[in-house]
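S.K.: Next input, structure requested:
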Amino acid sequence: MAGRALGVAAKVSAVMGALAATAQAALAGRFLAGDFGALDLHREVASVLGGIVILSAILAGIGRIRRRGELKEVVVAVALVVGVAAQAALARANLLAVHVPTGVAVLSLSYFHVALVLRPSRVPERTARLKGGIRG
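M.R.: Residues are numbered from 1 along each chain as shown. Just a heads-up that it's a prediction; the model follows:
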(Lines give C-alpha, C1' and ligand atoms only; values in the text may rest on other atoms or scores of the structure.)
Protein backbone atom coordinates (compact mmCIF):
# COMPACT_ATOMS: atom_id res chain seq x y z
CA MET A 1 0.00 0.00 0.00
CA ALA A 2 2.80 2.43 0.88
CA GLY A 3 4.46 1.78 -2.48
CA ARG A 4 1.26 2.64 -4.30
CA ALA A 5 0.84 5.87 -2.31
CA LEU A 6 4.45 6.78 -3.11
CA GLY A 7 3.80 6.24 -6.82
CA VAL A 8 0.64 8.35 -6.74
CA ALA A 9 2.42 11.12 -4.83
CA ALA A 10 5.28 11.09 -7.36
CA LYS A 11 2.82 11.35 -10.25
CA VAL A 12 0.83 14.15 -8.64
CA SER A 13 3.96 16.15 -7.78
CA ALA A 14 5.35 15.76 -11.31
CA VAL A 15 2.09 16.94 -12.89
CA MET A 16 1.78 19.83 -10.43
CA GLY A 17 5.37 20.82 -11.20
CA ALA A 18 4.64 20.85 -14.93
CA LEU A 19 1.51 22.92 -14.35
CA ALA A 20 3.43 25.42 -12.22
CA ALA A 21 6.20 25.63 -14.84
CA THR A 22 3.56 26.25 -17.51
CA ALA A 23 1.99 28.96 -15.36
CA GLN A 24 5.44 30.55 -15.06
CA ALA A 25 5.74 30.79 -18.83
CA ALA A 26 2.23 32.21 -19.17
CA LEU A 27 2.84 34.78 -16.43
CA ALA A 28 6.13 35.83 -18.01
CA GLY A 29 4.30 36.32 -21.28
CA ARG A 30 1.65 38.43 -19.56
CA PHE A 31 4.40 40.57 -18.04
CA LEU A 32 6.06 41.05 -21.43
CA ALA A 33 2.66 42.03 -22.86
CA GLY A 34 2.41 44.86 -20.34
CA ASP A 35 0.60 43.28 -17.38
CA PHE A 36 3.11 44.32 -14.71
CA GLY A 37 1.07 42.72 -11.91
CA ALA A 38 1.83 39.33 -13.44
CA LEU A 39 5.45 39.68 -12.32
CA ASP A 40 4.45 39.49 -8.63
CA LEU A 41 2.45 36.34 -9.28
CA HIS A 42 5.37 34.99 -11.34
CA ARG A 43 7.57 35.35 -8.22
CA GLU A 44 5.02 33.61 -6.00
CA VAL A 45 4.55 30.70 -8.39
CA ALA A 46 8.35 30.38 -8.57
CA SER A 47 8.38 29.72 -4.81
CA VAL A 48 5.64 27.12 -5.17
CA LEU A 49 7.48 25.49 -8.08
CA GLY A 50 10.64 25.34 -5.99
CA GLY A 51 8.82 23.45 -3.25
CA ILE A 52 7.20 21.07 -5.71
CA VAL A 53 10.45 20.13 -7.44
CA ILE A 54 12.17 19.53 -4.10
CA LEU A 55 9.29 17.25 -3.09
CA SER A 56 9.51 15.47 -6.46
CA ALA A 57 13.23 14.87 -5.98
CA ILE A 58 12.66 13.46 -2.49
CA LEU A 59 9.90 11.16 -3.76
CA ALA A 60 12.06 10.01 -6.68
CA GLY A 61 14.89 9.22 -4.28
CA ILE A 62 12.63 7.27 -1.93
CA GLY A 63 11.14 5.43 -4.91
CA ARG A 64 14.60 4.50 -6.14
CA ILE A 65 15.54 3.14 -2.70
CA ARG A 66 12.25 1.33 -1.94
CA ARG A 67 11.19 -0.12 -5.27
CA ARG A 68 14.42 0.12 -7.20
CA GLY A 69 12.94 2.69 -9.54
CA GLU A 70 14.93 3.95 -12.47
CA LEU A 71 17.85 6.24 -11.79
CA LYS A 72 16.64 8.39 -14.70
CA GLU A 73 13.69 9.64 -12.62
CA VAL A 74 16.00 10.74 -9.81
CA VAL A 75 18.40 12.46 -12.22
CA VAL A 76 15.58 14.38 -13.93
CA ALA A 77 14.02 15.39 -10.59
CA VAL A 78 17.37 16.64 -9.27
CA ALA A 79 18.01 18.46 -12.56
CA LEU A 80 14.69 20.25 -12.06
CA VAL A 81 15.74 21.35 -8.57
CA VAL A 82 19.01 22.71 -9.99
CA GLY A 83 17.20 24.38 -12.89
CA VAL A 84 14.62 26.09 -10.70
CA ALA A 85 17.33 27.25 -8.28
CA ALA A 86 19.32 28.61 -11.23
CA GLN A 87 16.19 30.38 -12.45
CA ALA A 88 15.77 32.12 -9.10
CA ALA A 89 19.43 33.17 -9.01
CA LEU A 90 19.32 34.46 -12.59
CA ALA A 91 16.16 36.45 -11.86
CA ARG A 92 17.69 38.03 -8.76
CA ALA A 93 20.79 38.95 -10.78
CA ASN A 94 18.50 40.39 -13.49
CA LEU A 95 20.14 38.23 -16.17
CA LEU A 96 17.03 37.89 -18.31
CA ALA A 97 18.99 36.88 -21.41
CA VAL A 98 19.85 33.64 -19.58
CA HIS A 99 16.77 33.47 -17.33
CA VAL A 100 14.35 33.06 -20.24
CA PRO A 101 16.12 30.16 -22.03
CA THR A 102 16.71 28.46 -18.68
CA GLY A 103 12.98 28.74 -18.06
CA VAL A 104 12.29 27.04 -21.38
CA ALA A 105 14.66 24.25 -20.36
CA VAL A 106 12.90 23.87 -16.98
CA LEU A 107 9.52 23.76 -18.71
CA SER A 108 10.70 21.10 -21.17
CA LEU A 109 12.34 19.06 -18.43
CA SER A 110 9.16 19.22 -16.33
CA TYR A 111 7.17 17.72 -19.22
CA PHE A 112 9.80 15.00 -19.65
CA HIS A 113 9.54 14.29 -15.92
CA VAL A 114 5.78 13.82 -16.25
CA ALA A 115 6.33 11.41 -19.16
CA LEU A 116 8.78 9.41 -17.05
CA VAL A 117 6.56 9.02 -14.00
CA LEU A 118 3.34 8.37 -15.92
CA ARG A 119 4.71 5.67 -18.20
CA PRO A 120 3.77 2.06 -17.43
CA SER A 121 6.06 0.14 -15.12
CA ARG A 122 8.73 -1.86 -16.90
CA VAL A 123 9.43 -4.44 -14.21
CA PRO A 124 10.96 -7.48 -15.90
CA GLU A 125 8.66 -10.52 -15.89
CA ARG A 126 11.22 -12.65 -14.03
CA THR A 127 11.54 -10.08 -11.23
CA ALA A 128 7.76 -9.80 -10.96
CA ARG A 129 7.46 -13.60 -10.71
CA LEU A 130 10.05 -13.72 -7.97
CA LYS A 131 8.06 -11.15 -6.03
CA GLY A 132 4.81 -13.04 -6.60
CA GLY A 133 3.42 -10.40 -8.94
CA ILE A 134 2.81 -12.59 -12.01
CA ARG A 135 1.27 -16.02 -11.79
CA GLY A 136 2.15 -18.55 -14.38
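S.K.: where in the chain is pLDDT low?
M.R.: 1-2, 68, 122-136 (pLDDT under 70).
S.K.: rerun that using 80 as the cut-off
M.R.: For the chain, applying pLDDT under 80 flags the ranges 1-3, 67-69, 121-136.
S.K.: Which residue ranges of it form strands?
M.R.: Counting by DSSP state E, one finds no strands in the chain.
S.K.: what about Leu71, neighbour count?
M.R.: For Leu71, the neighbour count with other Cβ atoms under 10 Å is 10. All C-beta spots, glycine's among them, are computed from the backbone N, C-alpha and C.
S.K.: Surely Ala77 touches Val53?
M.R.: Yes: applying Cβ atoms under 8 Å, one finds Ala77 in contact with Val53, separated by 7.0 Å.
S.K.: which residues sit against stretch 77-87?
M.R.: Residues outside stretch 77-87 that contact it (Cβ atoms under 8 Å, 6 or more residues apart in numbering): 17, 46, 49-50, 53-54, 56-57, 59-61, 99, 102-103, 105-106, 109-110, 113.
S.K.: For Ala93, see how far away Val15 is.
M.R.: 30 Å (Cβ to Cβ, to the nearest Å).
S.K.: And the two? Which one has more around it.
M.R.: Ranked by neighbour count (other Cβ under 10 Å), Val15 and Ala93 place Val15 first, with 17 against 10.
S.K.: Much appreciated, bye for now.
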